[in-house]
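S.K.: got a predicted model here, sequence first, then my questions.
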Amino acid sequence: MTTSKSMQVTEHKPVIVVKLGGSIISKLSPRFYKSIKDLQKHYHVILVHGGGPEITATLKERGIQSTFINGQRKTTKDVFNIAEQMLKGKVNSALVHRLNRDGVKAIGLCGYDAQLLEASFIDEESLGLVGKIEEVNLTLLHNLLSLNYLPVIAPLATTVEGERVNVNADLAAAAVAQALKAEKLVFVTDVPGILKDGELVSRVTIEVIQHYIETGVIYGGMIPKVQAALSVLNKDIKEVMIVGCRDSIIQDGEMIGTRMTEGKGVQAI
Ligand SMILES: Nc1ncnc2c1ncn2[C@@H]1O[C@H](COP(=O)(O)OP(=O)(O)O)[C@@H](O)[C@H]1O
Ligand SMILES: CC(=O)N[C@@H](CCC(=O)OP(=O)(O)O)C(=O)O
């Protein structure tokens, strides 16, 4: 279970954690960034980003093999070096630069800055340098949020022994949201939400998600997203959303996509 180094509560605004998928980052419009700035009027906003496609493309260019096991990239030392270059060096700094251009006080971090994210190995033998977040440095995040900074977090972490590890960005976002007791966790990706028979499922409960995984409706990159949702929904977070917006994250006053909530019932609503 994720623990936290400080339980200090941030000032009045609730927290929203927005995870930007590597599949969508290059397609986001100026209006999207503007909407993140608007979101800051009502929420303390934290961005956690991926960069899977950038990592895969660079590994391919360099002729380095890359495989996934249950949605997690098997990470050798060579793979880690590319993941770090892409996540921290390229994607994180581009996002921070883009947000700062719009007047957002974005600050780029990865899990080893000020011991932000501490992880344990998931299974070193089969996955290599891949971690699961165990602890989040809340003091740092609370301090940044209280100064109106917007933390932009790359999903890299260190183990207690000081080893650097690669972390699935969906699961990193969920761990940060859970530790901060965020009001909302939102995954921005390249599909409008969870699709079933080509149609958007606008609302699902935990039971329905499990049924969708078992029956193969949900597969591939959608699996870590819904697993991340499942890992937080029974705790303090009441709602997780998957949205596919490239423009404003809020459309007509709300987020459009799949809303995942606790609760029972086999039918998607
Ligand atoms: N039921 C589903 N509905 C929508 N997308 C799904 C579903 N099952 C699997 N997917 C896949 O999940 C992908 C999103 O995950 P991923 O590619 O990892 O995105 P990101 O980079 O945003 O994390 C979609 O593009 C789609 O191919
Ligand atoms: C361990 C693991 O799988 N790490 C991911 C980190 C990036 C990521 O999750 O990016 P997306 O959100 O774009 O998929 C990877 O190496 O691809």
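M.R.: Alright, I've got the coordinates. Numbers count the residues shown, from 1 in each chain. Ligands and ions are numbered 1, 2, ... in the order given.

S.K.: return the residues of the chain in contact with ligand 1.
M.R.: 21-24, 50, 52, 189-191, 194-195, 217-222 (C-beta under 6 Å from any ligand atom). Backbone N, C-alpha and C define where each C-beta goes, glycine included.

S.K.: filter those residues down to the buried ones, ChimeraX style.
M.R.: Only the buried entries of those go into this ChimeraX selection, using 16 or more other C-beta atoms under 10 Å:
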select :21,22,23,24,50,52,189,191,194,217,218,221,222
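
S.K.: quick one: low-confidence ranges for the stretch 151-269 of the chain?
M.R.: For the stretch 151-269 of the chain, applying pLDDT under 70 flags the ranges 263-269.

S.K.: so where do the helices sit in it?
M.R.: 169-180, 206-214, 222-233 (DSSP state H, counting those that start in this stretch).

S.K.: export the ones you listed to TSV and tack on distance to ligand 2?
M.R.: What follows is the helices of the stretch 151-269 of the chain, written out as TSV (distance: least, C-beta to the nearest ligand atom, whole Å):
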stretch	distance to ligand 2
helix 169-180	3
helix 206-214	17
helix 222-233	7
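
S.K.: with distance to Asp247 added, can I get the ones you listed in CSV?
M.R.: Converted to CSV, those look like this (distance: least, C-beta to C-beta, whole Å):
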stretch, distance to Asp247
helix 169-180, 21
helix 206-214, 27
helix 222-233, 21
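
S.K.: out of these, which is the most enclosed?
M.R.: Ranked by mean neighbour count, the helices of the stretch 151-269 of the chain are led by helix 169-180 with a mean of 28 (mean count of other C-beta atoms under 10 Å).

S.K.: gap between it and the chain center?
M.R.: On the basis of C-alpha atoms, centre = their mean, to the nearest Å, helix 169-180 sits 6 Å off its chain's mean C-alpha point.

S.K.: for that helix, which helices and strands make contact with it?
M.R.: strand 15-20, strand 44-49, strand 117-121, strand 131-136, helix 138-146, strand 184-188, helix 222-233 (3 or more C-beta pairs under 8 Å, 6 or more residues apart in numbering; DSSP states H and E).

S.K.: from the stretch 101-250 of the chain, which residue is nearest to ligand 1?
M.R.: In the stretch 101-250 of the chain, the residue that lies nearest ligand 1 is Gly221 (2.1 Å; C-beta to the nearest ligand atom).

S.K.: from what I see, that residue and Ser23 are in contact.
M.R.: Yes: Gly221 is within contact range of Ser23, at 7.3 Å (criterion: C-beta atoms under 8 Å).

S.K.: who touches both of the two?
M.R.: By the contact definition C-beta atoms under 8 Å, 6 or more residues apart in numbering, Gly221 and Ser23 are jointly contacted by 52, 189.

S.K.: what is the neighbour count of Arg98?
M.R.: For Arg98, the neighbour count with other C-beta atoms under 10 Å is 18.

S.K.: relative to strand 15-20, how tilted is the helix or strand hosting it?
M.R.: Here Arg98 sits within helix 93-101, counting by DSSP states H and E. Between helix 93-101 and strand 15-20, the angle comes out at 130 degrees (axes from the mean of the first three to the mean of the last three C-alpha atoms, to 10 degrees).

S.K.: by contact count, what packs against helix 93-101?
M.R.: By 3+ C-beta pairs under 8 Å, 6+ apart, helix 93-101 packs against helix 30-39, strand 106-110, strand 150-154.

S.K.: nearest to ligand 2, out of the ones you listed?
M.R.: strand 150-154 (8.5 Å).

S.K.: put the alpha carbons of that closest one into CSV.
M.R.: Listed next in CSV are the C-alpha coordinates belonging to strand 150-154 (Å, rounded to 0.1, in the frame of the first residue of the first chain):
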residue,chain,number,x,y,z
LEU,A,150,1.9,22.9,-11.0
PRO,A,151,4.0,19.8,-10.5
VAL,A,152,4.6,17.9,-13.8
ILE,A,153,5.8,14.4,-12.8
ALA,A,154,7.7,11.9,-15.0
